[in-house]
Structure formats: C-alpha cells, structure tokens
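Enquirer: The following block contains a protein sequence and its predicted model.
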Amino acid sequence: MTELNGPVVALVPAAGRGVRLGEDIPKAFVDLDGETMLERAVDGLLESEVVDRVVVVVPADMVHALEERLPDGVEVVVGGRERTDSVRAGLDSAADARYVLVHDAARSLTPLVLIRRVVAELRNGSDAVVPVLPVADTIKSVDEGGIVTGTPDRAGLRAVQTPQGFAADILRQAYAAADESATDDAGLVERIGHQVRTVTGEPHAFKITTQLDLLLARALLDARRKEGKQCESV
C-alpha cells in the first residue's frame, strides 16, 4: 500500500476528574517532576515529529491557565461532561485532519517510537490502529454477584494503550453513530463495522490511574534524570 498524505491531529481529552488517583485536582494536572501529566503527554506528541497539530480538551475553568503553559500552536478547547462529549469537541476543532490520534493524558510517559509506529500504520492504509501488549494475568469473567462465569484464553487477549489512531472520516462516523458514553474509541469504530489493526505497544505507555502508578512514573523519571546526569559527567 502506498503512503497516504494529510495532516495528523492529536486529541488529548483531559476534562475528567480521575478520582481513582485520589488527588484533589483533575488527574491530567497532577505534577510529574515539574510538569503536569498533560504537559508531558503533549510534549511527547509534538516531539514525535509525526503530529501536525494538538488539540487539548479540558474543563472550562482550566482553559486560560493551560493556554499560557502549553506550547504555541496547541489549541485548548472546552470539554463536556462525558469523555465522548470531549472527543466530539476535539473533533470539531480538527476539521482539517486526515488522521486523528486520541491519546490519554495519563499515558504521559509514552515513548516517541510508539506514536510514530501508530502514525506509520495509518499512513500505510489502515483505517484504525491501536497499540497493544499481551495480557500477563489470568482473566476471569464474573456475573453481577461476583461469581466466575468463565476464563478466557489469555493467548488471544491484549491490553490496549494509546494513542489510538484513525482515519478522521471513520472516527467521525463512529461518533455520529454513538448513542452512549464510551471509554474506547476503537470500540466505537468496531461497532460500525470497520477493522481495527494492532501494533506492538510499549511498557512505558502505561496509564497512571492509581497512586502505585504515580509512584512508578515518578521513579522512572527520577531514574531518567539520574542517567542523564551521569552521561553529562562522562
């Protein structure tokens, strides 16, 4: 397949509270070594050099402060009550996009190589692309009463990461057809009958959801900083 041209616009929905992290501010604005999760996520998208523009979707009371902190050219728009509302707001500001990435601010340590891998697969002709990792734990399905109803074969299971990438017109169709809140954009694309391709994910693209995740992220950044100092002293 030949490479397909056109702008890549990354959407970063960050209007949610992220209550599982247990902080008194929205999760995307929690500090990670001098920068918020959101700032680090945006920096990674821009540094990948495969994203033409970034649109950040945040609560209304955060817009002004973010416009002053984020790099020039990053558009900040007001999100909605549900994640689907925020992605729709981002899509409205991405009318020029040929491809759209949807990226979690909480995956703020995502390696640049992963962003490039997703965009390369889009430009090679895939309509929808998600990065995945094999599932290490045994998974059980359970009913409402907490009784195990089955044990899926984990060989065929994958944990999904972001950025998820889409041909812009297909993602728009998926959101136009969506009649309920959704946390997975690829799932909406599946519902309208399009194939979703996977690419290999990266361990450092984990989602910072709990205090343990936050501790790990800060430890990784500390190790990265110490490694950089060692290199400078050589």
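Expert: Happy to help now that I have it.

Enquirer: right, and Gly201 touches Pro111 too?
Expert: No - applying C-beta atoms under 8 Å, one finds Gly201 not in contact with Pro111, separated by 9.7 Å. For glycine as for every other residue, the C-beta is placed from the backbone atoms N, C-alpha and C.

Enquirer: Could you check which of these two has the larger neighbour count?
Expert: Higher neighbour count among Gly201 and Pro111: Gly201, with 23 against 15, using other C-beta atoms under 10 Å.

Enquirer: Look at Val54 and give its secondary structure.
Expert: strand (DSSP: H, G, I helix; E, B strand; the rest coil).

Enquirer: That one: what's it in contact with?
Expert: Residues in contact with Val54 (C-beta atoms under 8 Å, 6 or more residues apart in numbering) are 9-12, 42, 45-46, 73-75.

Enquirer: for this protein, which spans come out with low pLDDT?
Expert: For the chain, the stretches flagged by pLDDT under 70 are 1-4, 17-24, 229-234.

Enquirer: hmm, try it at 90
Expert: By pLDDT under 90, the weakly predicted segments of the chain are 1-5, 15-29, 33, 59, 61-69, 72-73, 80-83, 179-183, 224-234.

Enquirer: Show me where it has its helices.
Expert: Applying DSSP state H to the chain gives helices spanning 37-47, 63-69, 83-92, 112-123, 168-177, 185-191, 211-233.

Enquirer: Which stretch among the ones you listed is buried most, on average?
Expert: helix 37-47 (a mean of 22; mean count of other C-beta atoms under 10 Å).

Enquirer: and the angle from it to helix 112-123?
Expert: Here helix 37-47 runs at an angle of 60 degrees relative to helix 112-123 (axes from the mean of the first three to the mean of the last three C-alpha atoms, to 10 degrees).

Enquirer: Show me what helix 37-47 is in contact with.
Expert: In contact with helix 37-47 (C-beta under 8 Å, 6+ apart) are residues 10, 12, 14, 27-30, 32, 35, 51, 54, 56, 58, 66, 69-71, 74, 101, 103-112, 115, 163, 208.

Enquirer: Any of the residues you listed buried? List them.
Expert: Using 16 or more other C-beta atoms under 10 Å as the burial test, the contacts of helix 37-47 include 10, 12, 14, 27-30, 32, 51, 54, 56, 58, 66, 70, 74, 101, 103-110, 112, 115, 163, 208 as buried.

Enquirer: Mind checking which of these land in strands?
Expert: Using DSSP state E, 10, 12, 32, 54, 56, 58, 101 are the members of these that sit in strands.

Enquirer: Need those in JSON lines (columns: distance to His194).
Expert: Shown next, in JSON lines, are these (distance: C-beta to C-beta, whole Å):
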{"residue": "Ala10", "distance to His194": "20"}
{"residue": "Val12", "distance to His194": "23"}
{"residue": "Leu32", "distance to His194": "35"}
{"residue": "Val54", "distance to His194": "25"}
{"residue": "Val56", "distance to His194": "26"}
{"residue": "Val58", "distance to His194": "29"}
{"residue": "Leu101", "distance to His194": "16"}
